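Asker: Build the 3D model from these lines:
(one chain, ligands or ions: 1)
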Amino acid sequence: MLVSAHARFSRVSTYRWQNCRIQRHVAAHGRKGVDHERATTIGEGSVRVHTVEHVLAALSAMGVDNAIVEMDANEPPIGDGSAQPYVDVIKRTGVATQDAPRSFFDVRDTMHVESKTGALLVLLPDETFRISCTQAGPNNRFTQFLSMEITPAIFEREIAPARTFVFYEDVQPLMEKNLIKGGSLENAIVVRGEAVLSKEPLRFADEFVRHKILDIIGDLALVGRPIRGHVVAVKPGHAANAELARALAREQTRRSAMAAPRTIPTGDGGLDTDEVMQILPHRYPFLMVDRIIGFEADNKITGVKSITINEPFFQGHFPGHPVMPGVMQVEAMAQVASILLYKLAKTSSRVGYFMSADDVKFRKPVFPGDTIFIHAELTKSRGNRLAKAKCYCVVNDAVVSEGELMFTFLDK
Ligand SMILES: [Zn+2]
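Answerer: Alright, predicted model coming up:
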């Protein structure tokens, strides 16, 4: 989908949202002052795109998993403050069915987030994507409730037209600080006291709660896959919505690590033992990875280690009762993570040192005959000096150990 295109810019930055990319053609001028608490911002490197929730809501609710959105500004056009203009563009462009199966996020356990401002979001298992929302303004004015399943048809008819609204007392301080331009009724409904000020009459008697639902859909789109679950939201806001989205994304990462392949692929895309040994200085009996079976995006790696009864540590750990020592699993995680860091650094003049291991948990014993799939995901890297990786060891689709490892780099 092409929301807008522009040819005269020097640099293009790409933001990933599942496989939908928002490309921002970065113009030479700097960023405008933006109120970050009122909108959702995504970014990569030093570039940010603001107020993406309405376009993401339209894309995800209309069933679009893959799209490229090109932009020539640091936020999408606000339009009339609703998601209607984006729905129109999606319908005009058309949606094509692709041959890959769609991946869902199925809610298995109840999750919730709560904020100091009184926002409460609860997520419950459900076969459909459903949102039940309570909106309440200052002093509980304009309290509204609505509950509905979100399908493309329902979204288009019931949610997309609902416009952004602001309470005058909430925006007054921002207007005084010149953070937002006041007076425009083109792209927001302004509520002052009991009066509703807008260019056209309310589109629904409960337009405010409908817009809150719209924002929840947009913010949860950052999870990266359609959700099957019931969101119960009380006084939701972008900060709480984003916190729930982050919790879901973390849970998704954990689940992907658990769904390890049982068969070990051969061929390109990984590293064989020889290549592993060219990167790692470790040797028998301390080389804890047999093979790298794949890299994903540019921050994930999976290695494999077959555990046999001939491992030297089984002689002493324990006689008559061979169990793989947990610290050897942490060592395996560190070795696999180092290979990822080595690949990213693209230099052999510096070596990574294992500095710390946090939140290490040993969940299940590992026995002779087990094959361990070792997953590492780079979660943080700072100035080529420090890196953090979340690691899991998986046997037969179950996490046997996990930990967050930190590395530092030193010149050789
Ligand atoms: Zn909104």
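Asker: contacts and neighbour counts: CA atoms only from here.
Answerer: Will do.
Asker: What are the boundaries of the strands in the stretch 151-300 of the chain?
Answerer: 165-167, 189-192, 195-197, 227-234, 291-296, 300-306 (DSSP state E, counting those that start in this stretch).
Asker: Could you tell me how many residues sit around Asp290?
Answerer: 19 (other C-alpha atoms under 10 Å).
Asker: Do I have it right that it meets Lys305?
Answerer: Yes: contact criterion C-alpha atoms under 8 Å: Asp290 and Lys305 qualify, at 5.0 Å.
Asker: re the thing from before, so which of the strands of the stretch 151-300 of the chain is nearest Gly218?
Answerer: Gly218 sits nearest to strand 227-234 of all those, at 12.0 Å, using C-alpha to C-alpha.
Asker: who does the closest one touch, helix- and strand-wise?
Answerer: Secondary-structure packing of strand 227-234 (3 or more C-alpha pairs under 8 Å, 6 or more residues apart in numbering; DSSP states H and E): strand 105-106, strand 120-125, strand 129-135.
Asker: Tell me which of those strands is the most buried.
Answerer: strand 129-135 (a mean of 22; mean count of other C-alpha atoms under 10 Å).
Asker: Please spell out the segments of the stretch 201-350 of the chain that come in under the pLDDT threshold.
Answerer: By pLDDT under 70, the weakly predicted segments of the stretch 201-350 of the chain are 258-268, 346-350.
Asker: repeat that for 80
Answerer: 253-254, 256-269, 297-298, 344-350 (pLDDT under 80).
Asker: re earlier: any chance of the strands of the stretch 151-300 of the chain in TSV with distance to Gly270 and mean neighbour count as columns?
Answerer: Converted to TSV, the strands of the stretch 151-300 of the chain look like this (distance: least, C-alpha to C-alpha, whole Å; neighbours: other C-alpha atoms under 10 Å):
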stretch	distance to Gly270	mean neighbour count
strand 165-167	52	19
strand 189-192	55	19
strand 195-197	61	13
strand 227-234	32	22
strand 291-296	4	20
strand 300-306	9	22
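Asker: As a markdown table, those strands with distance to Leu341 would be great.
Answerer: Compiled in a markdown table, the strands of the stretch 151-300 of the chain are given as follows (distance: least, C-alpha to C-alpha, whole Å):
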| stretch | distance to Leu341 |
| --- | --- |
| strand 165-167 | 46 |
| strand 189-192 | 50 |
| strand 195-197 | 55 |
| strand 227-234 | 32 |
| strand 291-296 | 12 |
| strand 300-306 | 10 |
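Asker: mind checking how far Val89 is from Val64?
Answerer: To Val64, Val89 is 12 Å away according to C-alpha to C-alpha, to the nearest Å.
Asker: Neighbour count for those two, which is higher?
Answerer: Val64 (20 against 14).
Asker: Look up phi and psi at the residue nearest to the more buried one when sequence neighbours are not counted.
Answerer: Take Val64 and drop its neighbours on the chain: the residue closest to it by C-alpha to C-alpha, 6 or more residues apart in numbering is Val95, 7.1 Å away. Dihedral pair for Val95: phi -120, psi 130, per degrees, to the nearest 10.
Asker: pLDDT score for Val95?
Answerer: pLDDT, Val95: 86.
Asker: ok so, going back, looking at the strands of the stretch 151-300 of the chain, which is nearest to Pro101?
Answerer: Across those, Pro101 has its closest neighbour in strand 227-234 (14.8 Å, C-alpha to C-alpha).
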